[in-house]
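Visitor: after the sequence you'll find the predicted model.
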Amino acid sequence: MTRKTRLPLFAAGLVLTGALLATSCSPRRAEPARPRNVIFILVDTLRADHLGAYGYARDTSPNVDAFARGSVFFRDARSQAACTFPSVNSILTSRAPAAFLGQPGQAMGIPEQVPSLAEILRQRGYRTVAVSASAVVRNTPSQHNPGGGYGRGFEVFLEDCIWKAAACVNRQALGNLNRDAPGENPGDDRPLFLYIHYIDPHGPYNPPKDYQLRFAKGQPEKAFIRNGNPNPIGDMLYKGGPDPGVTPADLQHLRDLYDDEIAYLDGQLLRLFRLLEEGGWLDDSIVVFAADHGEEFLEHGHIKHCRTVFDNEVKVPLFLRIPGVAARAVEHPVQNLDIVPTLLDYLGVPAAGLTLEGESLRPLIESGKAGDPYQYSLAGPYRSVADGRFKLIQNLGGDGFWLFDLKRDPGETKDVLAAERRTFHRLRDALGGWLARTEGQGTADESLRKAKEAEEKLRSLGYLE
Ligand SMILES: [Zn+2]
């Protein structure tokens, strides 16, 4: 990765020279203070194209959109996996998801030998707090993650809001943003890393009872559709269950409820955004807004997530609010793996000795200097690489490759592999390199076995139908 490092003495010389120049030649221009806190907002199951900021026709997210307009906004970001585990592991460690498959006992957490952002920052004296509504991203066991394992490095890990709505998460999270009494210790002036994991858009799509639905209208005949439960569709697809006879209108009702979940969350996020502004946090904190994966509504023959690497499942929102950095939109493709290196760069935390597979986006943000354009993703037997224009998907399980022209065909419906041989070869080489680096040379069989085991584990825990 690219990092800006200076020797301390040299840096002191630069400051001195800069000060002399400032007094003799030009008015002093204050360097923005380096951010000291990180507020990390992770929204589970939020596909980018259902947010206004990413061009959705529906007004699902006015508050998120407004916050995005004041941020460094990445138009083209992808997650490294289509499932909470191992996508969140990759986000918090900047390691490719394959590193987390095939752990002893099919554990899901972050293994001890891989430092996470929480551990890195805690070692630097941060107060590290997580509030998670996810049944997977937990410190202690749950039905969906019997091993826990995400809590290392967090001084406080609040997980009582499991499966609960954003109001519950806010009740536990927002108190940490009280400047006068941070946490339980009023005298605590350590920098803060606050990780907030919301679960609202995750199925079943049932916004809180007292929430006025905006998009889902009427009362569909089928109870599971009325209740926003996509599982009977999954039972048919993956378990040989009966055909529930879902109509296009039923499917649209599920989408409407998903959008209502986003709109509800958006209203709740306004409370957080206001607190960040009114409490002065935007002056000395980097705020990250990210998602672990998207959601599918049968666009490619699947339901929910953890299934494929089509964009419904891996194209995610990503924006960063950085003190002293003007809001802008970035077109160059980036990945969730880049979040941790970027944070460390801006916080001035040395990355020496850490293995980070993403790269700092600071050169891209500040001078348009683009790094590697490739974005890699994984789900079950599928692997993909995208470059901002094209996307190549490989099925390690046997039936080869598909190539899509995302500019002309964002829905990934038309395979252009035969017509775009050169692009195919370039992307195939890039993907092959990534597989070799992260999963080992010539280990398609091993990767498949691990993917299969991970899938079996998720299924046995009821996370996959
Ligand atoms: Zn998730």
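Guide: It's in.
Visitor: stretch 159-173 near the ion anywhere?
Guide: No - residues of stretch 159-173 are not located near the ion by CB under 5 Å from the ion, the shortest gap being 12.2 Å. The C-beta positions use only the backbone N, C-alpha and C, and glycine is treated the same way.
Visitor: quick one: end-to-end length of that stretch, please.
Guide: 11 Å (CA to CA, to the nearest Å).
Visitor: which residues sit against that stretch?
Guide: 129-135, 138-140, 142, 158, 194, 196-200, 207-208, 264-265, 268-269, 271-272 (CB atoms under 8 Å, 6 or more residues apart in numbering).
Visitor: return the distance of that stretch from the chain's centre.
Guide: Centroid separation for stretch 159-173 versus its chain: 19 Å, with CA atoms, centre = their mean, to the nearest Å.
Visitor: next one: stretch 395-411
Guide: Taking CA atoms, centre = their mean, one finds the center of stretch 395-411 at 22 Å from the center of the full chain.
Visitor: buried set for that stretch?
Guide: For stretch 395-411, a neighbour-count test (16 or more other CB atoms under 10 Å) marks 395-396, 401-406 as buried.
Visitor: go on, stretch 336-350?
Guide: 336-347, 349.
Visitor: cool, stretch 193-204 as well?
Guide: Neighbour count says stretch 193-204 has 193-203 buried, by 16+ other CB under 10 Å.
Visitor: out of the residues you listed, which two are the most distant from each other?
Guide: The distance between the two most remote of the buried residues of stretch 193-204 (CB to CB) is 29.3 Å, for Phe193 and Gly203.
Visitor: and the buried residues of stretch 336-350, which of them are in helices?
Guide: 339-347 (DSSP state H).
Visitor: got any ranges where the protein has weak pLDDT?
Guide: 1-32, 181-186, 441-444, 463-465 (pLDDT under 70).
Visitor: please name the nearest non-neighbouring residue to the closest residue to the ion within it.
Guide: Proximity to the ion, evaluated over the chain using CB to the ion, is greatest for Thr84 at 3.0 Å. Sequence neighbours aside, Val136 is the residue nearest to Thr84 in space, at 4.4 Å (criterion: CB to CB, 6 or more residues apart in numbering).
Visitor: about what we covered before: so what's the residue of the chain closest to the ion up against?
Guide: Thr84 makes contacts with 44, 134, 136-137, 292-293, as judged by CB under 8 Å, 6+ apart.
Visitor: again with Asn139
Guide: Here Asn139 is in contact with 130, 148-151, 154, 157, 159 (criterion: CB under 8 Å, 6+ apart).
Visitor: change it to 7 Å
Guide: Taking CB atoms under 7 Å, 6 or more residues apart in numbering as the criterion, Asn139 is in contact with 148, 150-151, 157, 159.
Visitor: so of the buried residues of stretch 395-411, which ones are in helices?
Guide: Among the buried residues of stretch 395-411, no member falls in helices (DSSP H).
Visitor: among the residues you listed, which pair sits farthest apart?
Guide: Greatest spatial distance in these: Leu396 and Asp405, 23.0 Å, computed using CB to CB.
Visitor: do a quick rundown of the helices in the chain.
Guide: So, for the chain - with DSSP H - the helices run 8-24, 62-69, 84-93, 117-123, 166-173, 223-226, 231-239, 248-278, 281-284, 311-314, 339-347, 362-367, 421-439, 444-460.
Visitor: distance to His305 added to those, as CSV?
Guide: Output for the helices of the chain, formatted as CSV (distance: least, CB to CB, whole Å):
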stretch, distance to His305
helix 8-24, 46
helix 62-69, 20
helix 84-93, 8
helix 117-123, 23
helix 166-173, 19
helix 223-226, 18
helix 231-239, 11
helix 248-278, 12
helix 281-284, 31
helix 311-314, 5
helix 339-347, 20
helix 362-367, 28
helix 421-439, 21
helix 444-460, 11
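Visitor: between the ones you listed, which one is nearest to Phe297?
Guide: Minimum separation from Phe297 across the helices of the chain (CB to CB) falls at helix 248-278, 5.5 Å.
Visitor: helices or strands up against that closest one?
Guide: In terms of contacts (3 or more CB pairs under 7 Å, 6 or more residues apart in numbering; DSSP states H and E), helix 248-278 is packed against helix 62-69, helix 166-173, helix 223-226, strand 296-297.
Visitor: okay if I get those as CSV plus mean neighbour count?
Guide: Listed next are the helices and strands packed on helix 248-278 as CSV, based on neighbours: other CB atoms under 10 Å:
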stretch, mean neighbour count
helix 62-69, 19
helix 166-173, 21
helix 223-226, 17
strand 296-297, 20
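Visitor: so can I have TSV of the ones you listed showing distance to Gly440?
Guide: Output for the helices and strands packed on helix 248-278, formatted as TSV (distance: least, CB to CB, whole Å):
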stretch	distance to Gly440
helix 62-69	38
helix 166-173	38
helix 223-226	42
strand 296-297	29
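Visitor: show me what from the stretch 1-150 of the chain comes close to the ion.
Guide: Proximity of the stretch 1-150 of the chain to the ion, by CB under 5 Å from the ion, involves residues 44, 84.
Visitor: let me redo that: the stretch 201-350 of the chain
Guide: Within the stretch 201-350 of the chain, the positions lying close to the ion (CB under 5 Å from the ion) are Asp292.
Visitor: so what touches stretch 273-291?
Guide: Under CB under 7 Å, 6+ apart, the answer for stretch 273-291 is 33, 35-43, 46, 63, 67, 79, 91, 174, 177, 179, 316-323, 336, 339, 343, 346.
Visitor: which of those count as buried?
Guide: The buried subset of the contacts of stretch 273-291 - by 16+ other CB under 10 Å - is 35, 37-43, 46, 63, 67, 79, 91, 174, 177, 316-323, 336, 339, 343, 346.
Visitor: just those residues: which are in strands?
Guide: 37-43, 318-321 (DSSP state E).
Visitor: ranges for the strands of the stretch 51-200 of the chain?
Guide: Using DSSP state E, counting those that start in this stretch, the strands of the stretch 51-200 of the chain run over 72-74, 77-78, 127-132, 156-158, 192-198.
Visitor: for the second one, packing partners?
Guide: Helices and strands touching strand 77-78, as assessed by 3+ CB pairs under 7 Å, 6+ apart, comprise strand 334-335.
Visitor: and for the strand it packs on, what's in contact with it?
Guide: So strand 334-335 is in contact with 74, 76-78, 80, 318, 358, 361, 375-376, going by CB under 7 Å, 6+ apart.
Visitor: just stretch 94-104 next, same as before
Guide: For stretch 94-104, the external contacting residues (CB under 7 Å, 6+ apart) are 80-81, 86-87, 89-90, 111, 114, 337, 340-341, 356-358, 378, 438-439, 447, 450-451, 453-454.
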